[in-house]
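*Asks:* Sequence first, then the predicted structure:
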Amino acid sequence: MHGFTGVINHQHAINAAFFFHKSVINLTHNGAALITND
């Protein structure tokens, strides 16, 4: 059971990291677009 929750927590951490990474990419992309449009 402990190993099972460990897997869930690990997957959750991966999802959170992926979401955060995607958000950062979107922010930089939007920022780059704004700078280019300027």
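*Replies:* The structure has been received and is ready for your questions.
*Asks:* Can you pull out the low-pLDDT segments for the protein?
*Replies:* 1-3, 35-38 (pLDDT under 70).
*Asks:* Where do the helices of it begin and end?
*Replies:* Secondary structure of the chain (DSSP state H): helices located at 2-37.
*Asks:* Roughly how far does residue 5 sit from residue 17?
*Replies:* 18 Å (Cβ to Cβ, to the nearest Å). Yep, even glycine has a C-beta here, placed from its N, CA and C like the rest.
*Asks:* nope, residue 27 is what I was after
*Replies:* Taking Cβ to Cβ, one finds residue 27 at 16 Å from residue 17.
*Asks:* and if you look at residue 10?
*Replies:* From residue 10 to residue 17 the distance is 11 Å (Cβ to Cβ).
*Asks:* do residue 29 as well
*Replies:* 18 Å.
*Asks:* Number of residues surrounding residue 25?
*Replies:* Around residue 25 sit 10 other residues, with neighbours defined as other Cβ atoms under 10 Å.
*Asks:* nope, residue 29 is what I meant
*Replies:* There are 10 residues near residue 29, going by other Cβ under 10 Å.
*Asks:* Then residue 4?
*Replies:* 8.
*Asks:* can you check the one 4 residues further on too?
*Replies:* Using other Cβ under 10 Å, the number of residues around residue 8 comes to 9.
*Asks:* now it: how far from residue 14?
*Replies:* 11 Å.
*Asks:* And residue 26, by the same measure?
*Replies:* 19 Å.
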